[in-house]
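Student: Below are the sequence and a predicted model for it; my questions follow.
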Amino acid sequence: MDIQAADKTLRNLGTFNLLLGKNGSGKSTILRNLDNALTGKGKVVYLAPERGGTLYYDGYVETLRQKDDFGNRSERRQNQVMDFRQASVSEFKKLEILVLRHIERDAETRANNAITFDTEIQKLNRLLDRVELRRSADAAFTIFLKGTEQAPSHQDLSSGESEVISLGIEVLSFAYACRSDQYSATDNWLLLDEPDSHLHPDLQRRFTELLVSAFEGIAARAIIATHSTSIVSSLIDQPNARVAHVACEDANIELREVSDSLKAILPVFGAHPLSQVFNQSPPLIVEGEDDERIWQTVVRSSQGRVRLFPCVARTIENMTEYETTANDVMSSIYDNAKCFSLRDRDDRPYEIEDLGQVTRCRLNCRNAENLLVSDCVLASLETNWDALQAKIERWINSNEGHVRYDNMVAFRDGGWDRKFHQLKEIRLLLVDLAGSNKPWEVIVGRAIASLSEDSPANEHSLKDYLGEKLVREVLGLV
């Protein structure tokens, strides 16, 4: 679908349309022009970027809204709306009427006694950690500290709490208006200008989840102007999402389906680090690029079962710095964020304490290269340790002048300690002798990705070499 907004044409619109661009690129102007152009063609709601006010019921604001819909729409097209939150409280009362009318009109909904207006209030409360809304006879709703009878003053709410409550009310009211007889057969438009303002990444995620849920089963499209990669990342998996990069000189703005490359590159631009959005793919801090390639292979080969974002610290000396930084960020900004780190065991004890919210693991073998000669990895190459050991003996007998001869002899003379011997220098030879031409990191990564609850955990199994903590915490296996 294409639409015209003054001198701009938006092409190939989907359900969730994301406009990305620098300050001054014209995103807000496009939305305001759309609000004007689409008036009278369905339910159209524009939410300005700077939404001021205080979250309390103001009868004067409600009276103005009822008397002058055009004036209200004109005010909302400004960058700053000073009484937006008071208007949202008034909108809550309208939402209640819309919900009750929908229940009355829709036989299937009416037959489900579990669906009431309180069901919608709970959707709003799921956005919040510290406070909750409860219906009030004289003021639309009252806000309480969760699980208590303490009602803080509206001035005591954080800007983020007030913001997400207001936005949630506006979205639900829009969605229920779209279900009404007046709008159910039309194209309806929700124009969101920087919904991420005042919201930390976790609240942005929760808000977008509410938005997606509210749009189920209605004839509506959302056009969202944002700088937030958290907002983008929360929506790009939706089947009808579109993204456009806006520049002020562009007359035609092409909205494109989300590509795999966009999904892959978003973390580089800040969509990832430690946001709840990416708790589905939490960071895994690893020592080196070999480890990164192993775990990238795990993620690719697991068909979505293992979701991690490998982050290379590059040296063991940097690991603690990375872990400390991650913990500082998580504990001060994000709620219940996850992060893992993985170290080689080398000559250290296996046990390692977590660092705050960072779950720290060590391999239960010397290095990642030792995973290559675990029973499970060898089995994936259709061989076993006895067969590989015999091939190594034959290689030693016929390759005395080889540059890695002494390393291979040291492996044998050290008692074939495949779990703790330093194999870094002979790893490529071991792959060749095992009969594979694939990179060793890919071999190991695919074997890890194939692990299941039923995979063996005996001595020299891959689970044994990975270690019980990593298998449990990172891979989610027993």
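Tutor: Great, that's in hand.
Student: what sits against the closest residue to Ala313 other than its chain neighbours?
Tutor: Sequence neighbours aside, Tyr322 is the residue nearest to Ala313 in space, at 4.5 Å (criterion: CB to CB, 6 or more residues apart in numbering). In short, each C-beta sits where N, CA and C put it, glycine included. In this structure, Tyr322 makes contact with Ile285, Cys311, Ala313, Ser341, judged by CB atoms under 8 Å, 6 or more residues apart in numbering.
Student: And the residues you listed, which two are furthest apart?
Tutor: The widest separation within the contacts of Tyr322, taken as CB to CB, falls between Cys311 and Ser341 and amounts to 8.9 Å.
Student: what about the two, which has more around it?
Tutor: Ser341 (25 against 19; other CB atoms under 10 Å).
Student: So what does Cys248 look like in phi/psi?
Tutor: Here is the backbone geometry of Cys248 (degrees, to the nearest 10): phi -60, psi -30.
Student: circling back to that earlier point, which residues do Cys311 and Ser341 both contact?
Tutor: In terms of CB under 8 Å, 6+ apart, Cys311 and Ser341 are both contacted by the residues Leu284, Ile285, Val286, Tyr322.
Student: then the helix or strand hosting the first one to CSV, C-alphas only?
Tutor: Here Leu284, judged by DSSP states H and E, is contained in strand 283-286. Output in CSV follows, covering the C-alpha atoms of strand 283-286 (Å, rounded to 0.1, in the frame of the first residue of the first chain):
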residue,chain,number,x,y,z
PRO,A,283,25.6,-11.9,25.4
LEU,A,284,28.2,-14.7,25.8
ILE,A,285,31.6,-13.1,26.6
VAL,A,286,34.4,-15.4,25.2
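Student: so what strands line up beside that strand?
Tutor: Strand 283-286 sits in its sheet next to strand 309-312 (parallel), strand 339-343 (parallel), going by DSSP bridges.
Student: got the buried residues for it?
Tutor: Residues of strand 283-286 classed as buried under the neighbour-count rule (16 or more other CB atoms under 10 Å) are Pro283, Leu284, Ile285, Val286.
Student: likewise stretch 349-356?
Tutor: Burial within stretch 349-356, assessed by neighbour count using 16+ other CB under 10 Å, is assigned to Ile352, Leu355.
Student: gap between the two ends of that stretch?
Tutor: Distance between the boundary residues of stretch 349-356 (CA to CA, to the nearest Å) amounts to 20 Å.
Student: average pLDDT across that stretch?
Tutor: Averaged over stretch 349-356, pLDDT sits at 95.
Student: Not counting its own residues, what contacts it?
Tutor: Under CB under 8 Å, 6+ apart, the answer for stretch 349-356 is 320, 323-324, 327, 330-331, 341, 343, 360-362, 364, 467.
Student: Let me see the domain layout of this structure.
Tutor: Domain assignment for the chain, taken from automatic domain parsing, gives 3-269, 276-346+353-362, 368-473.
Student: Just the terminal-to-terminal distance for the last one.
Tutor: With CA to CA as the measure, the ends of domain 368-473 fall 18 Å from one another.
Student: and among the strands paired with strand 283-286, the most buried is which?
Tutor: Sort those by mean neighbour count, taking mean count of other CB atoms under 10 Å, and strand 339-343 sits at the top with a mean of 24.
Student: Please name every helix or strand in contact with whichever helix or strand comes after that one.
Tutor: Along the chain past strand 339-343, the next helix or strand (assigned with DSSP H and E) turns out to be strand 358-362. Using 3 or more CB pairs under 8 Å, 6 or more residues apart in numbering; DSSP states H and E as the contact criterion, the neighbours of strand 358-362 among helices and strands are helix 316-333, strand 339-343, helix 468-473.
Student: burial of Ser380, as a residue count?
Tutor: Here the count is done by other CB under 10 Å, and Ser380 has 17 residues near it.
Student: show me what contacts the nearest residue in space to it that is not next to it in sequence?
Tutor: Computed as CB to CB, 6+ apart, the closest residue to Ser380 that is not its neighbour in sequence is Ala447, at 4.8 Å. Shown here is Ala447, whose contacts under the criterion CB under 8 Å, 6+ apart are Leu371, Ser374, Cys376, Val377, Ser380, Leu462.
Student: Can you tell me which of those has the most neighbours?
Tutor: When neighbours are counted by other CB under 10 Å, Leu371 leads these with 26 neighbours.
Student: that older thread, and the shared contacts of Cys311 and Ser341 as TSV, adding pLDDT and distance to Asn188?
Tutor: Listed next are the shared contacts of Cys311 and Ser341 as TSV, based on pLDDT from 0 to 100; distance: CB to CB, whole Å:
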residue	pLDDT	distance to Asn188
Leu284	90	42
Ile285	89	45
Val286	93	47
Tyr322	84	47
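Student: quick check, nearest of these to Ser301?
Tutor: The nearest member of the shared contacts of Cys311 and Ser341 to Ser301, counting by CB to CB, is Leu284 at 15.2 Å.
Student: Tell me where the stretch 51-200 of the chain is predicted with low confidence.
Tutor: Under the criterion of pLDDT under 70, the regions of the stretch 51-200 of the chain flagged as low confidence span 52-83, 138-139.
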